[in-house]
Every structure is written in C-alpha cells, then in structure tokens.
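**Q** Would you be able to build a 3D model of this:
(2 chains)
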There are 2 protein chains.
Amino acid sequence: MAGKIGLNVTQICLPRECTEDEIIEEVLKLNEDPRVHGVYLHLPPASLTSRVLNTLRPEKDVDGVSDLNVGRLVRGDMNQGFIPPLANAVMELLARHGEQRKTVLVVGGEGPLGVALQCLMQRRGMVVLHSRRSSEVLQKQVCTHRCMRAHTHIHLHMMSGVGPLTAALRMQNVVQSSSRWAQGQQYRPWTLRSLKLQPLSPVPSDIEISRAQTPKPVDQLAQEIGLLQEETEAYGRTKAKVRLSLLDRLREQPDGKYVLVAGITPTPLGEGKSTVVIGLVQALSAHLKLNSFACLRQPSQGPTFGVKGGAAGGGYAQVIPMEEFNLHLTGDIHAITAANNLVAAAIDARMLHEATQKDKALYSRLVPSVNGVRRFSPIQIARLRRLGISEIDPSALMPQEVSSFVRLDLDPAKVTWQRVVDTNDRFLRKITVGQTQFDIAVASEIMAILALADGLGDMKTRLGRMVVGSSRSGQPVTAEDLGVSGALAVLMKDAIKPTLMQTLEGSPVFVHAGPFANIAHGNSSVLADKLALKLVGEDGFVVTEAGFGADIGMEKFFNIKCRASGLRPNVVVLVATVRALKMHGGGPNVSAGSPLPREYIDENLSLVVKGCSSNLRKQIQIAHLFGVPVVVALNVFKTDTQAEIDLVCQMAKESGASDAVPCHHWARGGRGSVELAQAVKQAGSQPSHFQFLYSQETPIVEKIRMIAQKVYGADDIELSPEAQAKIDYYNQQGYGKLPICMAKTHLSLSHLPEKKGTPTGFTLPIRDIRASIGAGFIYPLVGTMSTMPGLPTRPCFYDIDLDPVTEEITGLF
Amino acid sequence: MAGKIGLNVTQICLPRECTEDEIIEEVLKLNEDPRVHGVYLHLPPASLTSRVLNTLRPEKDVDGVSDLNVGRLVRGDMNQGFIPPLANAVMELLARHGEQRKTVLVVGGEGPLGVALQCLMQRRGMVVLHSRRSSEVLQKQVCTHRCMRAHTHIHLHMMSGVGPLTAALRMQNVVQSSSRWAQGQQYRPWTLRSLKLQPLSPVPSDIEISRAQTPKPVDQLAQEIGLLQEETEAYGRTKAKVRLSLLDRLREQPDGKYVLVAGITPTPLGEGKSTVVIGLVQALSAHLKLNSFACLRQPSQGPTFGVKGGAAGGGYAQVIPMEEFNLHLTGDIHAITAANNLVAAAIDARMLHEATQKDKALYSRLVPSVNGVRRFSPIQIARLRRLGISEIDPSALMPQEVSSFVRLDLDPAKVTWQRVVDTNDRFLRKITVGQTQFDIAVASEIMAILALADGLGDMKTRLGRMVVGSSRSGQPVTAEDLGVSGALAVLMKDAIKPTLMQTLEGSPVFVHAGPFANIAHGNSSVLADKLALKLVGEDGFVVTEAGFGADIGMEKFFNIKCRASGLRPNVVVLVATVRALKMHGGGPNVSAGSPLPREYIDENLSLVVKGCSSNLRKQIQIAHLFGVPVVVALNVFKTDTQAEIDLVCQMAKESGASDAVPCHHWARGGRGSVELAQAVKQAGSQPSHFQFLYSQETPIVEKIRMIAQKVYGADDIELSPEAQAKIDYYNQQGYGKLPICMAKTHLSLSHLPEKKGTPTGFTLPIRDIRASIGAGFIYPLVGTMSTMPGLPTRPCFYDIDLDPVTEEITGLF
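**A** Numbering: from 1, shown residues only, chains lettered A, B, ... in the order given. Next comes the predicted model:
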C-alpha cells in the first residue's frame, strides 16, 4: 500500500428504469466501499432527488452536488485559482508516502485543467502521463509504465464534458478523501485496554478463572491493536479470523522483537511452557505497557476429552474463553480433517477406477465431453506438464500419452497417506483400509503445511506437491496428480487466517496451527508470527512457543520454521522447573497419575545442582549454537524453596544465560512475570547473531549427523538399511535439500526416554526415514511414534457438563 | 420477557485502592450491559471525578450525579410532587405489558418515599410488597410469592441512607431506562432491503451468479429482520448464528404461516425442491413485500466434491455466498463428526478397559480418590439412578452394586454405533473396527437429534438417551452410561444455534441440520423453523423443505417433526416437473450421466396426462390425508411447452390442489415465482385442519401398516423374523410409543425403485427394524440403504480451484 496510492473514482450509471430505492442502494454500497475514493453521480437530473443527494457521503462526492444540495452540476468559468492548491494537495499526499523526486500523475482528459495541472506538476519535477483513453487502457498503461513500478501514482479518471471548475472541485474532494483513506491504511499505535486481574488464593480451577473474567469484545480488541474493520472476520464475540491482506498493508512497517519460548527436557507432566508464554505477554502488555502478542498452537480436541490439562495456559495465565480455545475454535482442525480425508478417499477411488477400467474408458471419464467439447481442467494440464506432454487438445494425445496421463498406477503397498480423526481413538490405529490407517488430525501433513505456508498461493502449491505414495515404477504421486489440489485449497481457505483471542489481562493472542512435534515440527504458524510482528511494531514483542524440549522444538523452530519464514529470533526463553531439574539430577521416576515422590516435594539442593549442570546447561548451549541470547524462566511451583530458586537462577547465569528469573504467573498473572518481562526486554536489546546449524546443501546424512552430534550429544548415527535406501530414493527424486525434522522422544536428549540429564556415549539409531514433500521436510524416525493416542479408563469427559440454562460449561480442566 | 419485567439496579463497590481507570472500566461494562437498568455510584467523593461521571450514561444514572456533573449526591427535602409522575411512569410501563389488574411492586426500603408510593399504587389497585431485607432475600420472596408468577413486577432495590428526592430521581431515571430497554425487547417490524437482481440469459453457472451479487453484511440483515445485536454471533461477514434466547423474548408473539415444500416422486436427477423454496421466499419478500424466511438443510460436504449439484438452490434462486453454504458453513457438521466419533472411541475404550480389569480396579479408576475424596460425577449418579441404586457415597456400595455400576458389559456383536466422516469414502463402508463401520457424518443420530431438539436442555437429554448397543444380558447401553453425554452437549453447544444467511434477493434464510432422509427424517431443524416463525410475525411466511418425495419427506415432516415441535403447517407446496411426470406416465428410464431420451425434450401430452393422474394425484391425496391445503408448483424447464404446462396445472387442480402454477425462479429469480407466492398466500388464508396419521399409542406394527397402506398404497406389510423380534424387544424396552421413520427408496411410492406412477398390489417387506432412541423414532428398513456414498472416476474436485490472489473459488457447480 505505502509507496503506491491509487485514487479510484467511479461513476454511477444505472439503467433508465431504475427506482430511487435502487439508486440509493448503489450509493450506499459505494459509500461503504473503502476502495472507492470518489463517486460521480452520472444520472438524469430527475433522478438527482434530495434523498439521493443526501445519501452520498460528502467526502466521496466528486461533483459537489450533495454539498450544494441541488440537482445540477456546478459549472463555472475557468478559474486558475483552483489549480495551485490542488497541486499542493497532491504533492502533500505524495510526500506523505515518501515519494518526492519523480512521480507520475495520470490525468484522464486533456481539457484546460488537465493541461494547467500538468504544467504545474512538471515544473515541480514530476513525470505526468495523461490520456483520453478508456479506463481499462489507462489502467494497463499505468501498470506497465516502468516508472510506475517504483513510484507513487495518482489516477484521476475524469469524465468528459465536465468543466474545469467542477473538475477541480472533484479532484480536491477526492484527494482529501483519499488522504483520509491513505491515513487509515497506516500503522496505528495501540490503545490497549488491559483487563484487571485480582488473583485469588488458593488458585481456583482453570475454567473458574476463565469464566470469572469478561473478555473484551473481539472487535474492540482488534481495533485497539490497529486492525482495520475490513481485516477481521468475527467468529462469535470472542474470536476473529484476521485476513492476510494486513501483511500487504503494513509491508513497510518494521517488525517487532521475536521471542521463542522453549524448555529443558520435560517430565511426562510437562513444565508449563504455554503458561510462561501467556504470563510473559500479560506482563509485557498489562504491566510494562509494551505492545506484545502471544502466538500459540491450536490444541487437538482428542486429548481435551481424554486426559486433563488444557493447552490454553493455566491458573492466572490463560487465553480466554478457555473453552472456546479448547473446543472447535474457528474450525481449522475440522477443515484439515475434511481436506485430509478427501485426499484419502480420492486415492482409494482412483485405485478402484484404474483397476476396473481400460485406458480409453478412464480417459473418456476423466476428460469428458461437456456440450460436445472436451477440455483438460487446469489441474490436469499441470499433470500433463509434469509428464512432459505439451499438447492441450484432448483428442490429440498419443495412446501412450493417454495411458501415462490416466494411470497414476499407485502401488497399494506404497501409499503413505493416512486418514485422520480428531479423537483419541486407539482402535483406529490398526484397521486395514487398503494399506492405510488412521492418525489423529493434527498429525496430517496438511497441518504442517498450514503452519509453514506464507500465504494462500504458497499453501496451494504445497498442498498440490504433497506426495501420497508412489507408482509401481517408483515415481512419486502427488495430490495434484489426483486432481484434488484445488479442492484442498478451497477447503483450507479460511483455516489459513490466524484466529485472534486474548489473555486473561486483555493482551492479544493468535491461535493458529498445531502440528505434531515429532513427525512434524511442532510450532505454531509462520503467518501468525508474521502478522503479529507487524502489528506490535518496532518496539513490540511477539512471543511464540516451540513444542517439546529445546533439543527438538527449538532446533526445528530455527532450522525449519525460521528457514521457511525468513524471520530471525531475538531471544530464547528457556523454561525450567525445579521438578524437572531434580529428575535430571537423578531423582526417581515421575509419571502421570502417580503421586510425586518426596524428593520433588521437599528441598533437595543436590539434585537441583546436578540437574542444572547437566540438562539445563546443555539446553542453553544448544540455543547458543544458533547465536541467540537465552533467558531462563524458572516456572515456580508452590513446593519450591527460596534456596532452590536462587540456586537455579545462579547456575543458569553461570551456564551462559543472559539472565535467569523465577516466574509466578500461574498464581499471580502478569504481575508474577514482570521480572521475566524485564529480562526479555533487556536481552532483546542485545544483538542476536542468528545462524542455521546446517546449510540446505549439506547431504541428508550429514544433516542428520550434525543434529545428532551437536544438539543431542550423540557419538554418531546408525542408519538402518531401510533408512539408507530411502535417502538414496529421496536424493534421486531431488528432495536432498529439504531440512530435517527428527522424530525422537522428547523425554531425553537421546533416543532413550529413561536417559535423563545429558546422556553421552550413545549412537542414534535411524530406524526409517519419511518425507513430507508438501510441508517441505524429511523426517527420520528414531524409535516408534504413536500418531493416535487412546482414551484412559476414566476419560475426563465424565466431569464435563453443560448447564442448559446458563450455557456454562463445567469440568473442562 | 413480556409479562415479567424486572428492573435491575446495581451499585459499584470497588476496593479502596482502585484507580480511576479501573472504575471507568467497570462503568463501561455496566453501560453496555442491557440487563442493568440503573447504576448507583457508591464511591468515595474523591473517586467521583468528572471523567468517571462523564463515563456513566445519563439514562443509567440513578443518582443524577452525572447529569449535574458534581461529586455529591443531590439531597433535598421531601417533595411529594415527584411521586405521582413516578407512579404514572410505572403504571404506563406495566400497561404496555398487558398487566393492569393486579400488579406487584416491590420497594426495598420503607422511608417516606416508599410509603407514599405504596399508598398511591395500592389506590390504583396494585399489590405492593416492600422490604428492607437484603437483595437476595427480597429476590427469593419475589420469586416465591404466588402473585408474581402471573404478574408483572418491578423490583427497585433502594439503597439505605438516601433521601426521598434522590430516590425519586433515581427511580424515574431507571423507569425511563427500563422502558426503553423493554421497548427494545419487543417485536420489531422488518425493514428488509431487497437486493436487486438482473437475470441474464442464458443463465450463467451457479457460482458466477452467486459471485455477481454482493450480499448484505449479515449484521445488517439481522437488524433488518428485528434481531437484537446480542442475539447474533457473526461468523465472518455473511453468516451468523442466532441465539435461542430469541424464543424467550418473542414468546408472546404469534407465529407466521408455516409452509412445507415437498415433491412428487422424483427422477434420480431431482426436481428442484430447494430452488422452489428459495424462489418462493424471494418472491414473497422482494416482490410481495411480505416477511418471509426460508429454512434449509445444511448439505453434507461429501457430495460437494463428488458429483456436481449444490444444495444452495441454483440459477437465480440461491442462498449466497453459495460456496460458504456448501463448505464448512459454521462448523455444525464438523461438530457432529467430533461428537459422534467421541462416542465411538468411548465405546471401544470402555470395552477394552472392562475386558482387561477386575471390578475393583475399574471402580477405583472410574471413581478415583482426588485429594483424598472419592465422589461420583453427576453423570455417574444418573447411571446409579437407572440401576436403582440410591447410595451416593462411593465407599458404601455393595460389591454387586459396584459390579453393575462399572460393567456396561457391552456385547460386541450388538454395538450399533458407527463412526462417521464427512467425505464420500466408499472404502470406509466395510472396514472392521470391532463390529462397527463408517457412515457419512449426516447419517449420525446426533444429526437427527440436532434437527428435532427444541432447546439446549432437550438436546442434552436426547444425546444422553442415545442407545449405542446392548449388554450381554440384553439391556440397552446409552451414551450417558458411557459417561460422555455432558461432553457431547459441550461439543454441540454452538451447533444448536441456526445459521442465518440470505437469498440472492436479500431475504433471510436459516440453514440448520441436514439428517438423512431414509434412516432419519430428512428435515431441517425444529429450532430454525420456530425462530423463523417468531421473526416473520403473524402475517409472515416460513417456508421449509422436506427431503425426497412427499410420501417420505412430507409424511415424516408431519408425523415426526410436527409431533416433536408442536407446530402445525398451513400449506403444502408440492413440486412437480414435466420431466418427472412423463417418467411416471411411462417414459423411458432417466439416469444421471446419460443424455435424456427424446420423450423428455419434445412435447408429449399423453405421458404428462398419465403422470398427473397417477403420481401427482396420489401425492396430493397424501397431503390431504393430513388435512393441509396443497399448492402445486410446476418447476418449469426450458424444454417444457405451454400446452404441457397448462395441462399439468389444470389436472393438478382437478386432483384437489387449491391451486397449481408454473414457476420460473431458476431463470428469473423471485419475479418468476410471484404467481406461486400469491397462490401460497391465498392458500395460507384458508383454514388448515391438520391431523396426524396415527396416534403415538398405536402399536408399532399398526403404525407401519398404516403408513404402508394409506401413504404408499401397499396391500399389506410383511415382517421378517428379525423385524418381528426387534418389535418385541422395543415393546419390552418401552419404545413402543415412538413414531415411525421409514427407510425406503425415494424413487417409487413402493419399495421397488423401478415401479413408477402409483404402484398397487404390492406387499411392503420390512427387512429389519432399528431405533434411534435419542432422536426418538423407530426406523424399519425396506430394502438396503447405503449410508456411505462413493466418489466417481472424475469427481468434480478436478474443476474446483481457488485463485490465491483474489481468493475467488471456481468450478464449484
């Protein structure tokens, strides 16, 4: 937008028999259309009734008729006096957009006004184009003129047969209107109203805390953070999708600081990274009064009804309303499920039809005659291109070409695409549908694509590129070969827009995408981060989260997500807990459902020391491998003693952290994370020397070895024959430059979950290797991964209920 | 609402250390809360700054402090002059709500004002309660006082220590504010702005027509049809969910006319019932200027990507934007899929856990000790009740009781619950997951429940009542037994709100629910119809559609849907086409994908005559069985000749139709259906003598026989031994009073699709009988039904594409 301002003037031309109501309807539409800067009422005088004239907004009126409230055009003698102020207004407008040297002004019409204006502008050093030609030709000329690409232009398409006075009036009106519009397009400073939080002790349940707070209407929040009305799509009162056009509008706006929250190797109970993200943003926005945004992953619904533990944060650091966050949200995961299963159905249907029909029959069905005409669809033409067939007349293909066109010849044993449901349903793990099985929805490659795409076009390309299996001759078969890529883009067109929500203290949150952290990269979406970085502005902060421990989530954030997005992180916040540190220091096993051993409840400084000097130190070093400063956030539990807290902070700093601070967001909200916010602000002002761990050009095996050795601390890797064969195949297919997405346990730096602390002296076994070509990474399998969780004996749905009168939900965490 | 007006006055009491900003935030909230009619600023004088005072809306100010803009309460002498106008204001308010006789006024406080007002009101024939007691006690007293149930009341809770002048001022303010609020709650006449339609010839594709029209913003449409702002939840700019609270607000408002669109027995190509619904509503609203609403079913996404043919109407009678209608809409079907599959996962998980654990282990997991306390969840207490166990202390159950509580003992061979996906995926028909298989999502019983529920409470009860299988001892096992009923209600809490959209001419449309028309009742939701009937008002029209031919869809509409809703239809519109009539008259086969034989393209009056005197006449007679007048709508195709059109209209009237008219909505929009709209208006003014075909008390076999004989024209029915056994079982379980939902082909009045016209002399075979206990019907199977469609060789997704720049969809119909 900035750098190119188009002034659009339109005229109303309606059929003669139009009623007054119909004219008014048109005018109302144009009044509301922000792309139209001026309206010229080209109507018979009888139609210019006072109702019509009063309807047109004065600032859009290019005739001045509604100002004067008469039904005639204002006509007058040539009055040069109008020209200089007009030229000034134009110059001012241009200056505001940073273009003073050579600017192009296009005037349609060569009447005295046009000529006068032209002279004046040329004297001021501008290039002026003018034309009598039709609007379409003019538009084309403007677009192709070389100067135009680099320069601001103003396009005034003037009506013929209008006197110069009128024209001058018009142009001034339009310039004013457009200035207002252009101003509206600029970056807007925030006017964020924080929500007051009065934490109770003991801390109530998550849903009680969430329900006790009244969220701001989402349209109000959107306005507060500088979104234009046309950039949001509300979904109910507390959620809105944000349109990607924002990226265009704020293209020239500098990004804010980019903060990643990662963690040390966790216990199976999790160490609270999401609460740290939310607490930190609450502190930055509500307490330090800095623009800040949290970017979170959308959780799968499966676990919501299985085991307790929401993904919306917890305690006094939550996204609200938490039940909206944890349920359907704005339907993105449902869209992924629908798209994923459409691919699966298309695969099996195609195999059936290929198995039961001859080439000719297939061809006549795939390229049918419609009203006597046979034509390839664009999706089919793309397949012809891949096959090296340039012919586009269906009747001119050679039989051999027809055969290669109609036969994907999928090898049933090599279909890699799975069906998905968004339910924890262990019984779907092993059923046989052809050769496929069911995964949970968030494990779909489509989810990984949603998280990595940087726009609608990129997403569509990636969806088409997804490899669903290979043919009997070993060629990869893609979603586009199945003809389904356009339909997938259609199903995902709304899912690509991030969802805006808010924290308990009223700070903005984007919720978008939630790919698995083992078979995929486990980070929220590139687009949400990009939108947020523009919105917070140069001095603001965007806090995003990586799944699992830093050895997995952060490594993938840097090597996969930042590589795809081009964004560069400023600070890593590394979350630690005394509990996890004690485990790494040699404490007994921690497992869900069993009471915590005493070591975790009583003070035990020696376990803490060992944990800090092993896992915590190693994870800090991993972040430093990438050249990014680290702040350690100790997520304090009520059993932690002051001596333990002090010890962790001291040892973290000794291990190279820029700072290390205790956080109390769970019990106190943003106020409990102010110290962390200050540390992050401080670290963000330091220079970051970000670098990737490996270059794309490095061979696949070497990339895997670098991650295993430098990040996990392995002596070496060991490839199974299957893995080696896959690497050869991927190299041959040209996939060798893709980044690596390790599928490894998150419970240890090694591949063995029971090895805590900093394991050494191990060789990392690579069992198999797979590829997500659409998402754009190769994922080596280290051990076995379940992509479909199950339900426990007493799923938490027993406690979940809805009051039909108040519509309140109970028991959801 | 009407009949009971509560005036709510609240006071602001904040902690001492509150900042000015925090006070203002509270005031802003109360300003916006429509339930609060007055605010009393009970604050230390220092806090009553001019910013605070200026924030409070004058009409909500019960102190008058913001009017006077000073920081002190107005105090003055007793001034009796304030009392009579106040009493008048109260009387007027009450009168407006139709309560003049005996009304209760509750005044908290017995100061001089209270006494004076009390005397005055009593003199005017009112019962006055007054009380000094706390608000809670007062509220309770008001609620339990017998008079209150039938009478309007005003509840003024006055602060102590406030002089009468202040109090009088306050009350007057509050009464005024409340009058305004009460007025806002009343029925609002429509101010519908129609969208202009300029039909082109030849008629462009559906998506081109849809895209050429700019829909009104949905919040504007909502306002035009009298919805309050707080009653809608926008989903983007063109769809909004409507809250059920509307039914409460307009409880006293008379319903509009209720019009059902049904059809004669169709060809496999369908005869355009949906377009008739939409065309009729466009004609009624945009051309006859009558309030009218279309209620449509939400289509499954499966066929959208399989075979061409949208469900949003077609040509110039469409719901727009049609792509939104045909894709995710507001996620209701996704919610059903999630809920359905959660039940499936819960069944299999429970069977696994029961098979691998002893009673004691199961019990300790199902009723765990949390912080030392064991407690049944409410859902578990409901199961105990069904088992006849009144004990609620988990430790006091007898071992036998524990066993019957923990063991559902589901018989794997008798699990009837299926998993669903919303994709045409034939490969999921026959896979084995335990004993279950996959259906398409709209075949889920949860969809039928959504369509029949009359509120959130009713839906929750029905969801809990769903029978998912039976135990080895033959007892039905319900969703509530699985513990999942609350979670289902939570998943469905938004789906229960109908979605508001609009036609091409800007008339309102509800899209809600879309159950299968064979194994379920095939009608859109009861709730959408009820909301629409209130909104259109007494002289308005609600047009709803029944699936399949009148023998199936209309019969189920009457016997199942109207029985559940209590609504009574005024008119049946029976849709016929010359094409279908010729087929019934003996024309050759019509099938999708093959060119139409000549008989259907050339004039053929003798086939038309035979079709009219067989199928059309019979379907009219079926509607008359239920006592409802019939208007025949001939959906005109361009190949129909004038002689054919005249013949159909003439014969329809001779067969008892109130009227019969040709419709041209497809080519001309509402203007092409004006004649139909007039006929429907005329028929709607006639008395309707609606009656059910059978009473609920009739035995199951007799109900089936009545439908077979009276509706289908069968000689008798023939029950398989399985069917007879099921009937005995259902009778034994107390399901005998449920209505019948026949699962029969829609391509013939008989069970044999090839028998066209009016088949006679056949016996209807009942192969098996099933039951949807939650939805509340029994469904006999006549022949085999596929509940999972497949994809053709060239699914229409080949043509579907998305332009990533303009975001325009192409190829969707």
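**Q** any weak-confidence spans in the stretch 401-550 of chain A?
**A** Per-residue confidence for the stretch 401-550 of chain A (pLDDT under 70) gives these ranges: A:425-437.
**Q** do the same with the stretch 201-350 of chain A
**A** Under the criterion of pLDDT under 70, the regions of the stretch 201-350 of chain A flagged as low confidence span A:302-310.
**Q** where does it come near chain B, residue by residue?
**A** Selection of the stretch 201-350 of chain A residues close to chain B by Cβ under 8 Å from any Cβ of the partner chain yields A:214, A:233-237, A:241, A:301, A:305, A:323, A:327-328, A:331, A:334-335, A:337-338, A:341-342, A:344-346, A:348-349. From N, CA and C alone the C-beta is placed, and that goes for glycine too.
**Q** Run through the helices of the stretch 701-813 of chain A in chain order.
**A** Using DSSP state H, counting those that start in this stretch, the helices of the stretch 701-813 of chain A run over residues A:721-733.
**Q** give me the low-pLDDT residue ranges for it?
**A** Where the stretch 701-813 of chain A drops to pLDDT under 70, the residues are A:785, A:787-788, A:812-813.
**Q** Strands - which of the residues of the stretch 201-350 of chain A next to chain B land there?
**A** By the criterion of DSSP state E, membership of these in strands covers A:233-235, A:241.
**Q** can you list those residues in a markdown table and add neighbour count?
**A** Formatted as a markdown table, those follow (neighbours: other Cβ atoms under 10 Å in any protein chain shown):
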| residue | neighbour count |
| --- | --- |
| A:233 | 21 |
| A:234 | 22 |
| A:235 | 27 |
| A:241 | 23 |
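**Q** Please identify which pair of the residues you listed lies farthest apart.
**A** In terms of Cβ to Cβ, those reach their longest pairwise distance at A:234 and A:241, which sit 8.2 Å apart.
**Q** any shared contact partners between those two?
**A** Applying Cβ atoms under 8 Å, 6 or more residues apart in numbering or on different chains, one finds that residue A:234 and residue A:241 are jointly contacted by residue B:236.
**Q** quick one: what helix or strand has the residue nearest in space to the middle of chain A in it?
**A** Centre of chain A computed as the mean C-alpha position; nearest residue by Cα atoms, centre = their mean is residue A:527, 2.5 Å away. Under DSSP states H and E, the secondary-structure element containing residue A:527 is helix A:526-536.
**Q** Show me what the helix or strand following that helix pairs with in its sheet, parallel or antiparallel.
**A** Beyond helix A:526-536 in the direction of the C-terminus, DSSP H and E gives the next helix or strand as strand A:541-545. Sheet pairing of strand A:541-545 (DSSP bridges) gives strand A:257-263 (parallel), strand A:292-296 (parallel).
**Q** Pick the most deeply packed of these.
**A** strand A:292-296 (a mean of 30; mean count of other Cβ atoms under 10 Å in any protein chain shown).
**Q** Using PDB, list the CA coordinates for that one.
**A** Output of strand A:292-296 as PDB, limited to C-alpha atoms (Å, rounded to 0.1, in the frame of the first residue of the first chain):
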ATOM      1  CA  SER A 292       3.100  -7.700  22.700                       C
ATOM      2  CA  PHE A 293       1.400 -10.700  21.200                       C
ATOM      3  CA  ALA A 294       1.400 -14.400  22.100                       C
ATOM      4  CA  CYS A 295       1.300 -16.900  19.200                       C
ATOM      5  CA  LEU A 296       0.000 -20.300  20.300                       C
END
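**Q** Distance from it to the middle of the chain?
**A** Relative to the mean C-alpha coordinate of its chain, strand A:292-296 is positioned 12 Å out (Cα atoms, centre = their mean, to the nearest Å).
**Q** Just list what whichever strand or helix holds residue A:611 packs against, helices and strands only.
**A** The secondary structure element spanning residue A:611 is helix A:605-611 (assigned by DSSP H and E). Other helices and strands packing on helix A:605-611, by 3 or more Cβ pairs under 8 Å, 6 or more residues apart in numbering or on different chains; DSSP states H and E, are helix A:578-584, helix A:642-654.
**Q** Out of those, which gets nearest to residue B:663?
**A** helix A:578-584 (71.0 Å).
**Q** what does that closest one contact?
**A** Contacts made with helix A:578-584 from outside it, assessed by Cβ under 8 Å, 6+ apart, are listed as A:264-267, A:269, A:271, A:590, A:596, A:599-600, A:604, A:607-608, A:610-612, A:614-616, A:634, A:636-637, A:639-640, A:644-645, A:648, A:756-757.
**Q** For chain B, see how far away residue A:680 is.
**A** Here the distance between residue A:680 and chain B works out to 25 Å (Cβ to the nearest Cβ, to the nearest Å).
**Q** do the same with residue A:711
**A** Between residue A:711 and chain B the distance is 36 Å, computed by Cβ to the nearest Cβ.
**Q** quick one, what contacts that residue?
**A** With contact set as Cβ under 8 Å, 6+ apart, residue A:711 has these partners: A:551, A:555, A:622, A:625, A:693, A:749.
**Q** at 6 Å instead, please
**A** If you count contacts by Cβ atoms under 6 Å, 6 or more residues apart in numbering or on different chains, residue A:711 has them with A:551, A:555, A:622.
**Q** now do residue A:347
**A** Contacts of residue A:347 were listed using Cβ under 6 Å, 6+ apart, and they are A:417, A:468.
**Q** Compute the first-to-last residue distance for stretch A:266-280.
**A** Taking Cα to Cα, to the nearest Å as the measure, stretch A:266-280 stretches 20 Å from start to finish.
**Q** What residues of that stretch count as buried?
**A** By 16 or more other Cβ atoms under 10 Å in any protein chain shown, the buried positions in stretch A:266-280 come out as A:266-267, A:269-280.
**Q** got it, and stretch A:227-241?
**A** Buried positions in stretch A:227-241, judged by neighbour count with 16+ other Cβ under 10 Å: A:227-228, A:231-241.
**Q** Apart from its chain neighbours, what residue comes closest to the residue in the stretch 51-200 of chain A that chain B sits nearest to?
**A** When distances are taken as Cβ to the nearest Cβ, the stretch 51-200 of chain A approaches chain B most closely through residue A:196, which lies 5.5 Å from it. Spatial nearest neighbour of residue A:196, excluding adjacent residues (Cβ to Cβ, 6 or more residues apart in numbering or on different chains): residue B:22 at 5.5 Å.
**Q** Not counting its own residues, what contacts the helix or strand hosting that neighbour?
**A** Per DSSP H and E: residue B:22 is located in helix B:20-32. Residues outside helix B:20-32 that contact it (Cβ under 6 Å, 6+ apart): A:196, B:12, B:36, B:39, B:49, B:52, B:55-57.
**Q** Quick one: distance of it to the chain centre.
**A** A distance of 37 Å separates the C-alpha centroid of helix B:20-32 from that of its chain, computed with Cα atoms, centre = their mean.
**Q** Only C-alpha atoms, please: export that helix in CSV.
**A** Taking C-alpha atoms only, helix B:20-32 is exported to CSV below (Å, rounded to 0.1, in the frame of the first residue of the first chain):
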residue,chain,number,x,y,z
GLU,B,20,-9.7,5.9,38.1
ASP,B,21,-9.1,3.7,35.0
GLU,B,22,-10.4,0.7,36.8
ILE,B,23,-13.6,2.5,37.9
ILE,B,24,-14.1,3.6,34.4
GLU,B,25,-13.7,0.1,33.1
GLU,B,26,-16.4,-1.1,35.4
VAL,B,27,-18.7,1.7,34.4
LEU,B,28,-18.2,1.0,30.7
LYS,B,29,-19.1,-2.6,31.3
LEU,B,30,-22.3,-1.6,33.1
ASN,B,31,-23.1,0.9,30.4
GLU,B,32,-23.1,-1.8,27.8
